[in-house]
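# Give me a 3D structure for the following:
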Amino acid sequence: MSRAAVTDSERRRDLRKSVAWRARIALGTGQFADAKIVDVAMGGCALTCQHTLHQGANLELQIAAPDPHDHAKITPLRLLCEVAYVSMGSHGTRVGVQFLKLDGPAKNLIEAWVKMAS
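A predicted model of the protein is given here:
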């Protein structure tokens, strides 16, 4: 099945945790677009931003992820992602991304946050 044919229920099969994390999207031109992560799962996350992104595009997402037990401790994450969906609204763009590779400290940190949702 192509990624374009993924349904909402398939996209949401992973347990998700609502968050409010600061992030930046590397635009590939040495520039960045500010974003806010609004929920996270083991397979990806949803974010809002003012920059136009396109479904199927690959991007680098730089996230300032707080420790789930000590929110003052921030871990910078750099994750390669693919845009799964884009939804335009009056408050900007909502984008769902799939993590292309999640391992090591990034995986452990996101897993700890997602476990808090169960």
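# Near residue 83, how many other residues are there?
19 (other CB atoms under 10 Å). No exception for glycine: its C-beta is placed from N, CA and C like everyone else's.
# That one looks like it's in a helix, true?
No: counting by DSSP: H, G, I helix; E, B strand; the rest coil, residue 83 is not part of a helix but strand.
# how much distance is there from stretch 22-37 to the middle of the chain?
12 Å (CA atoms, centre = their mean, to the nearest Å).
# show me the contacts for residue 98.
By CB atoms under 8 Å, 6 or more residues apart in numbering, the residues touching residue 98 are 3, 43-44, 81-82, 84.
# one more time with 6 Å
Residues near residue 98 by CB atoms under 6 Å, 6 or more residues apart in numbering: 43-44, 82, 84.
# and the helix or strand hosting it, what's its mean pLDDT?
Residue 98 is located in strand 92-99, with elements delineated by DSSP states H and E. Averaged across strand 92-99, pLDDT comes to 92.
# Now do the residue lying closest to residue 82 once chain neighbours are set aside against residue 43, distance only.
The spatially closest residue to residue 82, leaving aside those adjacent along the chain, is residue 98, at 5.0 Å (CB to CB, 6 or more residues apart in numbering). Distance of residue 98 to residue 43, given as CB to CB, to the nearest Å: 6 Å.
# same check, this time on residue 19
Where residue 43 is concerned, residue 19 sits at a distance of 15 Å (CB to CB).
# Kindly report the same for residue 89.
Distance, residue 89 to residue 43, by CB to CB: 23 Å.
# give the contact list for the residue most central in space within the chain.
In the chain, the centroid-proximal residue (CA atoms, centre = their mean) is residue 45; its distance is 3.2 Å. By CB under 6 Å, 6+ apart, the contact list for residue 45 reads 37, 97.
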